[in-house]
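> Please work out how this folds:
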Amino acid sequence: MKHLISGGNKVPENGGIAEELLTVSEVAGALKVPVSWVYERTRRSGSDQIPHFKLGKYLRFRWPAVREWLEKLQK
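Below is the predicted model of the structure:
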């Protein structure tokens, strides 16, 4: 199964872009939510916080970690 990222790029389950660092815009596009929603989830604490890390002033995400977070939210 593949997932869509903004701009029509696919995020494969294994390897490829799934191993790359994603931007806030790419995560928002993949989740089909506004960029502001993603930023808000990075400011939360506990299990409500979307997994991310900072590179200087920039937020970056790993798709496998985001998928795992989403799966935990479903339970």
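
> Quick check: next helix or strand after the longest strand anywhere in the chain?
Ordering each strand of the chain by length in residues (DSSP state E) puts strand 58-62 first. Following strand 58-62 in sequence order, the next helix or strand is helix 63-74 (DSSP states H and E).

> The longest strand of the chain versus helix 63-74: what angle between them?
Going by axes from the mean of the first three to the mean of the last three CA atoms, to 10 degrees, strand 58-62 is angled at 80 degrees with respect to helix 63-74.

> List the buried residues for strand 58-62?
Leu59, Phe61, Arg62 (16 or more other CB atoms under 10 Å). Heads up, the C-betas are built off the backbone N, CA and C, glycines and all.

> What score does the closest residue to the last one other than its chain neighbours have for pLDDT?
By that I understand Arg62. Distances taken as CB to CB, 6 or more residues apart in numbering put Leu21 closest to Arg62, at 6.7 Å, once the chain neighbours are dropped. Per-residue confidence (pLDDT) for Leu21: 94.

> what's the neighbour count on Leu21?
Applying other CB atoms under 10 Å, we find 15 other residues in the vicinity of Leu21.

> Pretty sure it sits against Trp63.
No. The pair Leu21 / Trp63 is not scored as a contact, 9.2 Å apart, by CB atoms under 8 Å.

> Please produce JSON lines containing the buried residues of strand 58-62, extended by distance to His52 and pLDDT.
Output for the buried residues of strand 58-62, formatted as JSON lines (distance: CB to CB, whole Å; pLDDT from 0 to 100):
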{"residue": "Leu59", "distance to His52": "5", "pLDDT": "97"}
{"residue": "Phe61", "distance to His52": "5", "pLDDT": "97"}
{"residue": "Arg62", "distance to His52": "9", "pLDDT": "96"}
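
> Thank you, goodbye.
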